[in-house]
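Peer 1: Starting from these lines, generate the structure:
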Amino acid sequence: MSLDWIYFAISWILLAWHSAWDAIGVPAGSVLGTNWSWILAIVFLVVTVRVILFPVFVKQIKSQRAMQALQPQVKALQEKHKGDRESLQKEMMELYRKEKANPLMGCLPMFLQIPVFLGLFHVLRRLDPGKSELNKVLYGWTVEQFDSASMATLFTAPIAGKFGSTAEELAALNANGTTVKIMAGVLVLIMMLTTYLTSKQMILKTGWAQDPQQRMIQRLMLYGIPASLLISGAIFPIGVIIYWVTNNLFTLAQQQWVLRKFPPPPTMSPSGKPVPAKTAGKPAAKTGPAQPAKSGGLFNRAKANGAQPVTQPAPESRALAPKPGAKPVNPKKKRPAKRR
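Peer 2: I've put the predicted structure just below:
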């Protein structure tokens, strides 16, 4: 299956935003070693994609809320069908269908952005000013636009350069290898940090999942993906890393707005009390035995003043027993009224 339609779409959006910034008056030349019209074109490529995917993001939040609310029922089904995976899967799918919850919806926005990421990656890799004019007219670019994008820089580092660029690639871009490595390395670290923060923000607001499989996915998103970027980031062009960082910052702001406007419902503990999101899914802390409540009587006030309370000795059982030969007293029998 050809992906040219993706490359054409990404190129068209980039060129449209670049032309818009040129029309506004953003300098086409380098200012502080940066071609801001191309950098802003990449930034607003993110804005364009996220605006298009905003309805999907709202559905993702709703699906996560529904999955969170269904955790007690899911746990009950796991206990009911322990050892019977087929029956468990069948009833869980029926539960999700009935409650209109989709476990895959949480990853859908990320999957929909993969083609955009791959398209930008492909386009930026082809930016080589040393190519012939016949190879420069690709995906709707003119030769002038191709040359302008090929020479675009961020603080003198070409946006088509990457941390792992070879000497030949750096020579073709007329770039300094040390500058490219420093700029790419700093951006990769920022990319890892913002990727971690986007997952951490969602977990802090919604809590850890009780289901072991979903909790494993949460840990993978929180730690696994940021760690993998330390290696894969070396092959990403600087322009792609700018896209990723901008996308993470947009996600942080969007999640904060949605979670503040539509806060998640509190997770309920087995006793029926709400559990804070930060501790949801974690084992409860051990507490000591319950202490009896203190009354505010005279004896307690005496203790508080340092005095020992005076206690009356309990009467012995022998003193309460009737004497030998004495007639039993019937408390129910009333005495006759005295005559006047």
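Peer 1: Please tell me how far Glu79 sits from Leu14.
Peer 2: 53 Å (CB to CB, to the nearest Å). The way it works is simple: take the backbone N, C-alpha and C, and place the C-beta from them, glycine included.
Peer 1: could you show me where the helices are in the stretch 101-250 of the chain, in order?
Peer 2: 108-125, 133-136, 143-150, 167-173, 177-206, 212-219, 225-232, 238-261 (DSSP state H, counting those that start in this stretch).
Peer 1: In CSV, list those helices along with distance to Leu95 and mean pLDDT.
Peer 2: Converted to CSV, the helices of the stretch 101-250 of the chain look like this (distance: least, CB to CB, whole Å; pLDDT from 0 to 100):
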stretch, distance to Leu95, mean pLDDT
helix 108-125, 20, 87
helix 133-136, 55, 82
helix 143-150, 51, 91
helix 167-173, 53, 90
helix 177-206, 19, 92
helix 212-219, 14, 79
helix 225-232, 29, 92
helix 238-261, 25, 91
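Peer 1: Now render these as JSON lines, adding mean neighbour count.
Peer 2: Below are the helices of the stretch 101-250 of the chain laid out as JSON lines (neighbours: other CB atoms under 10 Å):
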{"stretch": "helix 108-125", "mean neighbour count": "18"}
{"stretch": "helix 133-136", "mean neighbour count": "12"}
{"stretch": "helix 143-150", "mean neighbour count": "18"}
{"stretch": "helix 167-173", "mean neighbour count": "15"}
{"stretch": "helix 177-206", "mean neighbour count": "18"}
{"stretch": "helix 212-219", "mean neighbour count": "14"}
{"stretch": "helix 225-232", "mean neighbour count": "14"}
{"stretch": "helix 238-261", "mean neighbour count": "19"}
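Peer 1: and the ones you listed as JSON lines, adding distance to Asn35?
Peer 2: Shown next, in JSON lines, are those (distance: least, CB to CB, whole Å):
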{"stretch": "helix 108-125", "distance to Asn35": "13"}
{"stretch": "helix 133-136", "distance to Asn35": "17"}
{"stretch": "helix 143-150", "distance to Asn35": "8"}
{"stretch": "helix 167-173", "distance to Asn35": "13"}
{"stretch": "helix 177-206", "distance to Asn35": "14"}
{"stretch": "helix 212-219", "distance to Asn35": "39"}
{"stretch": "helix 225-232", "distance to Asn35": "25"}
{"stretch": "helix 238-261", "distance to Asn35": "11"}
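Peer 1: Between those, which one is closest to Pro27.
Peer 2: Closest approach to Pro27 among the helices of the stretch 101-250 of the chain is made by helix 143-150 (12.4 Å; CB to CB).
Peer 1: Put the alpha carbons of that closest one into CSV.
Peer 2: Taking Å, rounded to 0.1, in the frame of the first residue of the first chain, the C-alpha atoms of helix 143-150 are listed here in CSV:
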residue,chain,number,x,y,z
VAL,A,143,12.6,23.9,-6.1
GLU,A,144,12.7,27.1,-4.2
GLN,A,145,10.6,25.7,-1.3
PHE,A,146,12.7,22.5,-1.3
ASP,A,147,16.0,24.5,-1.0
SER,A,148,14.5,26.8,1.7
ALA,A,149,13.4,23.8,3.8
SER,A,150,16.7,22.0,3.3
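Peer 1: Distance from the chain centre to it, please.
Peer 2: 38 Å (CA atoms, centre = their mean, to the nearest Å).
Peer 1: got it, and stretch 78-92?
Peer 2: The answer for stretch 78-92 is 28 Å, by CA atoms, centre = their mean.
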